[in-house]
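*Asks:* kindly generate the corresponding structure for this input.
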Amino acid sequence: MLHPTKTGLIIAVLALTSGVVQAEWRGPVLNADPQTLADCADPAHPCVRLWRDMSAAERAELWPYLDGVARASHWREMTKRERDAMQAHLNEADREAIRQRFTVQNEQRRHHGARPKLCSEDRTLMRAQIMEVHMKFAKPVPKANAAGAPTAEEAKR
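*Replies:* Numbers count the residues shown, from 1 in each chain. This next block holds a predicted model:
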C-alpha cells in the first residue's frame, strides 16, 4: 500500500501534467496542421482509405508493411484478377514471398521425399474417428437365432 504522501504526490503530478497534454492536443493527430485536418474531412480526398477502395499500385505500396494476419485476410478477399494486378506492381522478392506463402508446393515435397507424418496420438485419434464413421454408416449385421440362421424378420431386410 502506498503512503498517503506518495499517493498525494502522484495525484498532484497527474493533475499538473494532464493540463499540458490537453494544451498540446489539436486533433486526431498530435500537432496536426488544421489545413491537413480540413483536407481529411473532404469526402473527395479521404485520409483513410479502405483496402477495397485502393488501386493495385496503392495496395502493392502498402503490402510490405502489413503483418501476416492482415496479408492473409486481404489475400483471401481479393479476386484472382486483383491479386495479379497487385503482384504486377510488387518487386521480385515480394512476389516470391507471396508465391511461397499462398501456394501449395506438393511438387517440392514429393521430390524431397518429405511426407507429413502423424504422431501416435493423432494416428490413434484418426483410427477412432474412422471406426466411428464406419459404425455409423455400415449396414447392421443380422442377428442369428440359436441355430445360427438369421430370423425371418431380419432376413427380409
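*Asks:* ranges for the helices of this structure?
*Replies:* 4-24, 34-41, 56-62, 68-77, 80-88, 92-102, 106-112, 120-137, 152-156 (DSSP state H).
*Asks:* distance check, L66 against R49.
*Replies:* Here L66 is placed at a distance of 14 Å from R49 (Cβ to Cβ, to the nearest Å). C-beta here means a position set from N, CA and C on the backbone, and glycine is covered the same way.
*Asks:* likewise T124?
*Replies:* For T124, the distance to R49 (Cβ to Cβ) stands at 51 Å.
*Asks:* again with P64
*Replies:* P64 is 17 Å from R49, by Cβ to Cβ.
*Asks:* repeat for A72
*Replies:* 20 Å.
*Asks:* kindly report the same for R81.
*Replies:* Look at R81 and R49: by Cβ to Cβ, they are 20 Å apart.
*Asks:* more crowded one of the two?
*Replies:* R49 (12 against 9; other Cβ atoms under 10 Å).
*Asks:* the residue lying closest to that one once chain neighbours are set aside: neighbour count?
*Replies:* Excluding the flanking residues, the one nearest R49 by Cβ to Cβ, 6 or more residues apart in numbering is E58, at 7.5 Å. Residues lying near E58 (other Cβ under 10 Å) number 14.
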